[in-house]
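A.B. asks: Here's a sequence, model it:
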Amino acid sequence: MPKTRLLLLEDDINLSETVCEFLESKGYHVTPVYDGEAAEELIYEHQYDLFLLDVNVPSLNGFELLKRIRHENNTTPAIFLTSLNAIEDLEHGYESGCDDYLRKPFALKELLFRIETILKREFFHTQSPKICIDEGIEYDPLSNQLLVNQKAAQLQNKEAKLLKLFLQKKNEIISHEMIMTHLWEYDEQGSDDTLRTYIKNLRKIMGKDRIVSIKKLGYKFTLA
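C.D. replies: Alright, predicted model coming up:
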């Protein structure tokens, strides 16, 4: 199973190395980066499951970085790791779109707890209990149902799992490997033909242009 991918923006090299070593010992894949502009480039080029962001870093501070990527509809969860402790800084952090705010110095075990708690959530930064996909088409996260004109569409179990994955990572390229791992357990035999059938069925309901095939990379679920 692919490791959970974390991006760590921290310009203190010693702290960065300590956090990376600890989280990698817990099974995470951590990409360290030391300035805001370099972090922004990596975020546009790669997929991550969570961002760990210092605020006072060179070139582009953490607050502005997160504002930019939220403006681009990137809903990947983010934790600020910072020595700033004024209530105004805390407020600024959450206004930027973070999911948690951890003040330095912090215990590594506390950081791990915060990460695990956030990653248990299924959807991030949604403004409504239902997710609008198109006119008359909604997804209800509570019931895990696709609603067409308020009526539940008939989906197979794995089609529903695939739809949830697409919505969790909307507008991102999802690798073929990630999809196969997500849909089939280690003792099940998945196939490309079956996956294409699931995608074909979802396209029938939501429109063929909603799920885009990206040659040699995977799929992208497009949603405004």
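
A.B. asks: Point out where the chain drops to low pLDDT.
C.D. replies: 1-2, 85-87, 122-129, 142, 186 (pLDDT under 70).

A.B. asks: Sketch out the helices for it, chain order is fine.
C.D. replies: 13-25, 36-45, 62-71, 87-96, 108-119, 157-168, 176-183, 192-206 (DSSP state H).

A.B. asks: what helices or strands is the shortest one leaning on?
C.D. replies: It stands for helix 176-183. helix 157-168, helix 192-206, strand 218-221 (3 or more C-beta pairs under 8 Å, 6 or more residues apart in numbering; DSSP states H and E). Heads up, the C-betas are built off the backbone N, CA and C, glycines and all.

A.B. asks: 6 Å instead?
C.D. replies: helix 157-168 (3 or more C-beta pairs under 6 Å, 6 or more residues apart in numbering; DSSP states H and E).

A.B. asks: Could you export the helix it packs on as PDB, keeping only the C-alpha atoms?
C.D. replies: Taking C-alpha atoms only, helix 157-168 is exported to PDB below (Å, rounded to 0.1, in the frame of the first residue of the first chain):
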ATOM      1  CA  ASN A 157     -19.900  -0.700  -3.700                       C
ATOM      2  CA  LYS A 158     -16.600  -0.100  -5.500                       C
ATOM      3  CA  GLU A 159     -18.200   2.500  -7.700                       C
ATOM      4  CA  ALA A 160     -19.200   4.400  -4.600                       C
ATOM      5  CA  LYS A 161     -15.700   4.000  -3.200                       C
ATOM      6  CA  LEU A 162     -14.200   5.300  -6.400                       C
ATOM      7  CA  LEU A 163     -16.600   8.300  -6.500                       C
ATOM      8  CA  LYS A 164     -15.600   9.200  -2.900                       C
ATOM      9  CA  LEU A 165     -11.900   9.000  -3.800                       C
ATOM     10  CA  PHE A 166     -12.500  11.300  -6.800                       C
ATOM     11  CA  LEU A 167     -14.300  13.800  -4.600                       C
ATOM     12  CA  GLN A 168     -11.700  13.700  -1.900                       C
END
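
A.B. asks: what angle separates that helix from helix 176-183?
C.D. replies: 130 degrees (axes from the mean of the first three to the mean of the last three C-alpha atoms, to 10 degrees).
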